[in-house]
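**Student:** any chance you could fold what I've pasted below:
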Amino acid sequence: MIDFFSFDTLITPYIIGFVYIFGAVLLPFIVNYFFKKYKNKFAYIQYKVYFLVLLITFEILWRIFCEFFIVYFKIFLAIQGFQ
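**Tutor:** The predicted structure is shown next:
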């Protein structure tokens, strides 16, 4: 418990997993909201294709974003172990 209050124990690497899941579930709703807002500008087939392409792209970018922080904290913990 003392490590927690002295910031020797990091809790963020454990929280990032939950943030990733929350974002991955929320992302289709965000993309859907965007496309419903501009629905009149696309034909039905274009709407579905653009929706899938944008959703897959955002999911991959979200995964890369979260993996960056996981790697960052793993590097930090590896460096901290050598001190």
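
**Student:** CA only for contacts and neighbour counts going forward, please
**Tutor:** OK.

**Student:** SS state for Arg63?
**Tutor:** Under DSSP: H, G, I helix; E, B strand; the rest coil, the three-state class of Arg63 is helix.

**Student:** quick check: it touching Phe22?
**Tutor:** No. If you go by C-alpha atoms under 8 Å, Arg63 and Phe22 don't touch, sitting 11.6 Å apart.

**Student:** the two: which is more packed in?
**Tutor:** Shown here are Arg63 and Phe22; by other C-alpha atoms under 10 Å, Arg63 has more neighbours (15 against 11).

**Student:** ok, the more buried one - contacts?
**Tutor:** Taking C-alpha atoms under 8 Å, 6 or more residues apart in numbering, we find Arg63 in contact with Tyr20.

**Student:** let's see it at 10 Å
**Tutor:** 20-21, 23-24, 57 (C-alpha atoms under 10 Å, 6 or more residues apart in numbering).

**Student:** from those residues, which is closest to Leu10?
**Tutor:** Distance to Leu10, by C-alpha to C-alpha, is smallest for Tyr20 among those, at 17.4 Å.

**Student:** tell me which element the closest one falls in.
**Tutor:** Assigned by DSSP states H and E, Tyr20 falls within helix 12-37.

**Student:** and the gap between the residue most central in space within the chain and Asp3?
**Tutor:** Centroid-nearest residue in the chain, with C-alpha atoms, centre = their mean: Trp62, separated by 3.6 Å. Counting by C-alpha to C-alpha, to the nearest Å, the gap from Trp62 to Asp3 is 31 Å.

**Student:** then Val71?
**Tutor:** Val71 is 22 Å from Asp3, by C-alpha to C-alpha.

**Student:** neighbour count winner among the two?
**Tutor:** Remark: of Val71 and Asp3, Val71 carries more neighbours, 12 against 9, as counted by other C-alpha under 10 Å.
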